[in-house]
Every structure is written in C-alpha cells, then in structure tokens.
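S.K.: Dropping the sequence and predicted coords here.
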Amino acid sequence: MKVIFFRHSLLNRGGDKMVLAYANHLARAGHEVIFYVGQVDTHFLISDKITINRIQPMFKVATVFFALTHKFKADIVIADIMVLAFLLNLLNTRRVLYFAQDYDVYYYRNPFSRLFVYLMYVMGMKFLKIPTLAVSDGLKARLRQFHQDIYVVNNGVDPHIFFPRRAKEYLTLKEDRRAILIHARNDTRKGTDLAVEVFRKMRDGGIELWVVGEYLQDPAIQVKIRNFGYVPENELARIISSADLLLYPSRHEGFGLLALEAAACGCPVVTTRAVKILAHGHTAWMASKENHAYFLEGIKTVLFERRFREKIIEGGIHLARQYNIRESGIQFERILKKLIGNNSHERQCHYSGI
C-alpha cells in the first residue's frame, strides 16, 4: 500500500502519538508511508522509512490550500480533521479516510466555527460518505448521527513503555510529599483551567504539583510546582509511575490516552465522565461536574483511602492490558487494506459498466 497522512502539524499531543504509532507500524510492515505536514516538532519516534514532505509556509491557511489543490497518487489518504478530510475528498474521491480522534466541533468555542465544522460533518460523512475510523466506541456513538458505518480501532498503550516503573530520582525529588501530576495544555477541552482552580484552593499539606506539557506558573497556587515540560515517552512513564495521582480534568475526549497510560503505570486517576474508557470506583475516581470541590474530594479519596486506591490501581492495570498498541496497529492496517480493496472493486465495476 501507498499511504499518505495529511496533517498541519506533528507535535507532542496524544493524537500525534497515535498517528505516528500507526504510520510506524505500516512502515515496518513494508508499506510506503508519506506525510504531508507543515510543522514537525515532536519527541515521538518517526521511522526512518517514512517520507516527510513539508507544506510551506507553516500556516494553517497554507495547509488548507494545499489540501484543496492537490491530487495525490496513493492508495489512501488519511486526515484526522474533518475539514481537511472534506477538502481532500474533492480531488481524491474514494481514497480519503477520516481518522476521527475526537468530535471536531468541540475544538472550538466560537458558535459560528462550531456550526461550520458541524456542516462539514454533515457534508463529509452524511452526503459524501467519507469512510470514518474512530478511536473508541464512545466516539463512534457520537458520530453515528452522521454515518452508521463507522470502523473502530481503540487507541492502545505500549506495554514495553507504560508499566509500573517507579524511578528513584523522582521519588527522592518529592521526598515525603505526595505528587499530583497534570498535563498542561492551552486547550479548553483538556481542562487545565479546572486543574489550576483546584490547586488555587489547595494548601501545602505535604502536596506538590508535577506538570508535564506546557509550562505552568500561577502565583495563586500555594503548593510547590515542578515543571518537567514535554518529555520522551520513556521518561514520561517514569514520571507517571512515580507520581501519587494523575489529575485529568478533561471536558471532552475521543479516548483519553494519557489517563489509560497512567492506569497502566499503576498511577491512580482522578478524571471526568468524558473519559469513557474508565469507570468510577473500578478504574478511576470520576467527577460528575466541572467543579473544584468534586476534584478535591476525588484527590482526598484516592490519596487517603487505601482500599479505594488499591482497587482502582489494580483495576486500571488490568484494563490497560486490554489496549495494546501493537494489536491496534494490526487492526488499523487490516481496515486500510479492506477499504483499498473495496475501492478497487468499485472502480473496476464502474470501468466495466457493471
């Protein structure tokens, strides 16, 4: 197969990680894999068998224009933003796959932007029937309002990286304090503002805040803050394993990969009902409302109620074992082959007049 991934950027987000995981799998399996992308700035592995073609200049409008004006010689073109999938389909009909990692409407706060993206879904999935692959059953249920036939390949965790691996240097760093880990990202969906609100209400009390991702500093937060920045996956797994709790106050999730990676590392998770792969009281503590009081209650429960803590740690590790990224890669490849085979048959029927 010749497979093209079309994106504006490759950064250090969960969605970028999954795209590269599947691209690397396809490249290892002997397929030709090409990226068309504007910005590349990531810690994630990119196989040397993958070709990277840069879109210049590195502006979103340039990416949109490129998608609108290029017909690609490939078996399949993959985009994980509905607007790009719709534009690519105009010149690459029957060769575009929408790889849905979330419901794109949630990416925007402006009501006009939301309406525009919603209409793209209606046009792309309902009328043009662009094949769609979702990263979870929950996301599939959300998208079925536009199209009934949606493939699902659940995101996965690399068990060789994400497993309980407490690191001496991080345990020494926090001394006898409890470390609460968050992923900071300037994206309303991820709820970093909710995490900040929680810590503004918290007094020292033997707690410190560990931050991965974007730099976080707030003078209203009284507890000690340690910013680790964006770190490679192996280091991230060691940090997660050494933390006492992951606070993941996400408002919207297609899957909730970091929460599952934390569960795999034996780090208990306090999160929201948006992360549908987890279950309250079994694999996580889940807040029912976007309110700092609910998250504080969850933090207190997980840190100080030993039986509850041990239950969700055990449940989380067991759950994570069911989501293996290698198996997901095989399923992803299988679906691409099926789509390409179906398209080839349809083209042959069309040419022969059937």
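M.R.: That came in fine, so what should we check first?
S.K.: Quick one: neighbours of Thr42, just the number.
M.R.: 16 (other CB atoms under 10 Å). In this view, the C-beta of every residue, glycine as well, is placed from N, C-alpha and C.
S.K.: That one in helix, strand or coil?
M.R.: Of the three states, Thr42 takes coil according to DSSP: H, G, I helix; E, B strand; the rest coil.
S.K.: Please identify the helix or strand for His298.
M.R.: One correction, residue 298 is Gly, not His. Gly298 is part of helix 292-304, with elements assigned from DSSP states H and E.
S.K.: just how off-centre is that helix within its chain?
M.R.: Its chain's average C-alpha position is 25 Å from that of helix 292-304, according to CA atoms, centre = their mean, to the nearest Å.
S.K.: Just the angle for whichever helix or strand comes after that helix relative to helix 292-304, thanks.
M.R.: The C-terminal neighbour of helix 292-304 among helices and strands, as given by DSSP H and E, is helix 306-320. Compare the direction of helix 306-320 with that of helix 292-304 by axes from the mean of the first three to the mean of the last three CA atoms, to 10 degrees and you get 90 degrees.
S.K.: tell me which strands and helices helix 306-320 is in contact with?
M.R.: helix 257-264, helix 292-304 (3 or more CB pairs under 8 Å, 6 or more residues apart in numbering; DSSP states H and E).
S.K.: helices and strands around the helix holding Gly298, which ones?
M.R.: Helix 292-304 makes packing contacts with helix 192-200, strand 245-248, strand 269-272, strand 285-287, helix 306-320 when contacts are defined by 3+ CB pairs under 8 Å, 6+ apart.
S.K.: buried ones in the longest one?
M.R.: Within helix 306-320, the residues that qualify as buried are Arg309, Ile312, Ile313, Gly315, Gly316, Ile317, Leu319, Ala320, counting by 16 or more other CB atoms under 10 Å.
S.K.: just how off-centre is that helix within its chain?
M.R.: Using CA atoms, centre = their mean, the mean C-alpha position of helix 306-320 is found 22 Å from that of the whole chain.
S.K.: quick check: angle from it to helix 257-264?
M.R.: Computed with the same axes, to 10 degrees, the direction of helix 306-320 lies at 110 degrees from that of helix 257-264.
S.K.: Residues touching helix 306-320, excluding its own?
M.R.: Contacting residues not belonging to helix 306-320 are listed as 157, 159, 162, 164, 260-264, 266-269, 277-279, 281-285, 301-303 [CB atoms under 8 Å, 6 or more residues apart in numbering].
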